[in-house]
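Novice: Fold the following and give me the result.
(one chain, ligands or ions: 1)
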Amino acid sequence: MFSKILIANRGEIACRVIKTARRMGIGTVAVYSDADRDGLHVRMADEAVHIGAAPASQSYLDIEKIVAACRASGAQAVHPGYGFLSENPAFAERLRQEGIYFIGPPVKAIEAMGDKITSKSIAAEAGVSTVPGHMGLVANAAEARRIAGAIGYPVMIKASGGGGGKGMRIARSDGEVAEAFERSQSEAASSFGDDRIFIEKYIEEPRHIEIQVLADAMGNCIHLGERECSIQRRNQKVIEEAPSPFLDPGTRAEMGAQAVALAKAVNYVSAGTVEFIVDKDRNFYFLEMNTRLQVEHPVTELVTGLDLVEEMLRIANGEKLRWRQEDVALNGWAIEARIYAEDPYRNFLPSTGRLKRYRPPAEEASAHLVVRNDTGVYEGAEISPYYDPMIAKLVTWAPDRAEAIDGLSAALDQFVLEGVGNNIPFVASVLEQERFRAGRLSTNYIADEFPEGFAGAAPDDETLLALAALACRAAFQLETRGFVEPGAVTNAHVIAERSVIIDGRRWDFSIPKSGDSFVLMTDKGQPLLIEDGWQPGASLTATEIDGRTLYVRMDRITSGFRMRYRGADLVAKVVLPHVADLMVHMPEKAPPDLSRFLICPMPGQVVRIDVAEGEVVEEGQTLAVVEAMKMENVLRAERRARVSQLNAVAGDVLAVDAVIMEFEAV
Ligand code: ADP
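Specialist: Prediction:
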């Protein structure tokens, strides 16, 4: 086995690889850019080599700098993680020339699977079912329209060199093809430096299900079952699970066999993933093969009991696979949530800054529940704008799907993260949804369920009552701190009455004299026993109300609390009953009318302004294109209006909420 490896990556995946290497007694070398001097991976590795400036092109993507770091440290092999150079054949080739092992597949396999169009033809030849479509490249919008007509709408227009959901557009009619073609092509050119485009049928109600394969250098290849990754936002995975709630054993076996056939067709070695799209009738079609470790690999590890990084290391070391296909058993259910630094309440705007608080839930591993948190950060660390905004991957395992989801919900409830916006409330509310629980997934899930974006979850009545009761108890604790213990001071039966108002709804509680425990009485005469109250200053309150445990984030505000629970973000006011009577008469503040403005939805650069001052625009007309995080966003008119003023030109870099143009009624 190698005595020292270098990890050509950063963040959680670098830390993940280091953990396994350490367990196996292998020395580890981290590399880091200026932005990552204090990175967790740098702290965890045995040695660390500085490789350049913050932009990835000057550090993590610079092949010569990685090679130099190998030489300087004496590393014998390189684990590339995912992203960066992991699927770059020139990198694997360069390491080969240097006599350094690449912990991944052979150069030829990376090349063969490297672009969507070649890999699709190889797959078709290997007997793998592929999405019906045009097997060649498309030259221009007119040709795109002709081909789309022949395939039949809707179609998917894709960049051959695409990845990460970029350079991909659906077109549902002739009218949509030209714009979709142009957008995909220009996005592909700017993101991948490769503007080749192809077209295939758009699969309706698609599910994304992928097969993990593992192959050794002697030609043995097995699959480790599937992962379902249908919960995606703009083609980016958010929640993944293994197994899939949709597959039957027959389909699983067929998909597995095809994935293995493809791997064998390209003489694949190491861990790889064959991605399929599955329609509502369980027809499945090859999408692409990822020739590296995937972000979501932990769910496979938790249901198979294998450590994929260990297997990659052994395979790179020339060892034979330790399992035959029949030895692979899937046990229980695993589910992963990607925690991103993005603000779900503001259209998932990327968020950067210092992690003022980072207290993940405790990891655990019992026969009933496993909680695993793969992360690359720590409290006080900086989320920089240079790299992927993923903060952590929270993964749970349990004997069945419902328990795994419950475990993940509870773990998310206990995840305290402050300083940067994050998607925990969003993920938590997806996990609560009936449709998710029933396993009715599709890659359109988020678009279907959150058509207006995410505004916070609405808790059910029972939860609201529990939150109101908790707020009442906490306020009472605060008022009486040091003076009164419930039940200890007065002989009266009731020692206080309070009303709680959340979102215009009111609960009236009385606090009876009740000995040692804290009991609230609702106005319907229902007693609520509350164990463990809020501690002033605590960021997370664990409380038990009538036997149900809730983890609530509570912050003090004027006459009440801001309460955050499972995607809900509420204000609870705790007042005397006669004040509550008066509050009903308070006028509500109307939100300002923003419909006269075209507001920049995220920080980004204006690519184009498509209208002129004075022009009358129609509903749905393209007004401007803004690029952010390498995605082009088309901004359209919401209604017919006249453009009264333009405030931006192509090339301008705008902040979120900047006014791009103003309208007047026509
Ligand atoms: P990337 O390399 O950018 O991740 P993929 O080809 O893997 O691109 O596709 C990403 C996602 O886009 C898929 O998971 C699926 O949701 C959707 N998708 C891709 N091709 C199609 C198609 N032909 N029909 C419907 N959805 C598709």
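Novice: and the nearest residue to P601 once chain neighbours are set aside, what is it in contact with?
Specialist: The shortest distance from P601 to any residue that is not its chain neighbour, by CB to CB, 6 or more residues apart in numbering, is 5.5 Å, and that residue is N347. In short, each C-beta sits where N, CA and C put it, glycine included. Residues counted as contacts of N347 (CB atoms under 8 Å, 6 or more residues apart in numbering) are G453, P601, M602.
Novice: Now do the SS call for the first one.
Specialist: Remark: G453 carries the secondary structure label coil [criterion: DSSP: H, G, I helix; E, B strand; the rest coil].
Novice: Now do it against the ligand, distance only.
Specialist: Taken as CB to the nearest ligand atom, to the nearest Å, the spacing of G453 relative to the ligand amounts to 19 Å.
Novice: same question, R227
Specialist: As judged by CB to the nearest ligand atom, R227 and the ligand stand 12 Å apart.
Novice: I'd assumed K237 was in contact with that residue.
Specialist: No - between R227 and K237 no contact is recorded; they are 9.4 Å apart, counting by CB atoms under 8 Å.
Novice: Mind listing the shared neighbours of the two?
Specialist: With CB under 8 Å, 6+ apart as the test, R227 and K237 both reach E296.
Novice: neighbour count winner among those two?
Specialist: Per other CB atoms under 10 Å, whichever of R227 and K237 has more neighbours is R227, with 27 against 21.
Novice: and the gap between the spatially most central residue of the chain and G376?
Specialist: The centre of the chain sits closest to V238, judged by CA atoms, centre = their mean, with a distance of 3.2 Å. The spacing between V238 and G376, counted by CB to CB, to the nearest Å, is 18 Å.
Novice: wait, doesn't D388 sit right on G83?
Specialist: Yes - counting by CB under 8 Å, D388 does reach G83; the two are 6.6 Å apart.
Novice: Have a look at the chain and report its longest strand.
Specialist: Longest strand in the chain, counting residues (DSSP state E): strand 221-233.
Novice: Low-confidence bits of the protein, can you list those?
Specialist: 481-494, 513-517, 588, 591 (pLDDT under 70).
Novice: That one against the ligand: which residues are in contact?
Specialist: Residues of the chain lying close to the ligand by CB under 6 Å from any ligand atom are 131, 156, 162-166, 168, 200-203, 206, 208, 232, 235, 275, 277, 287-288, 443.
Novice: Relative to S33, how far out is D62?
Specialist: According to CB to CB, D62 and S33 sit 10 Å apart.
Novice: Need the residues touching each of these two.
Specialist: In contact with both D62 and S33: I51, G52, using CB under 8 Å, 6+ apart.
Novice: how many other residues sit next to the closest residue in space to G163 that isn't next to it in sequence?
Specialist: On the basis of CB to CB, 6+ apart, the spatially nearest residue to G163 that is not a chain neighbour turns out to be F192, at 7.3 Å. Other residues within reach of F192, judged by other CB under 10 Å, total 19.
Novice: you'd agree F192 is up against G161?
Specialist: Yes - here F192 lies in contact with G161, judged by CB under 8 Å, at a distance of 4.2 Å.
Novice: Could you name every residue contacting both of those two?
Specialist: By the contact definition CB under 8 Å, 6+ apart, F192 and G161 are jointly contacted by G167.
Novice: Distance from stretch 239-249 to the middle of the chain?
Specialist: Centroid displacement of stretch 239-249 relative to its chain, using CA atoms, centre = their mean, to the nearest Å, is 18 Å.
Novice: can you check stretch 10-20 too?
Specialist: Between the mean C-alpha position of stretch 10-20 and that of its chain there is a distance of 18 Å (CA atoms, centre = their mean).
Novice: how about that stretch: buried residues?
Specialist: Along stretch 10-20, these residues count as buried under the neighbour rule (16 or more other CB atoms under 10 Å): R10, G11, E12, I13, A14, C15, R16, V17, I18, T20.
Novice: tell me the phi and psi of I157?
Specialist: Its backbone dihedrals place I157 at phi -100, psi 120, with angles given as degrees, to the nearest 10.
Novice: Repeat that for D460.
Specialist: phi -70, psi 170.
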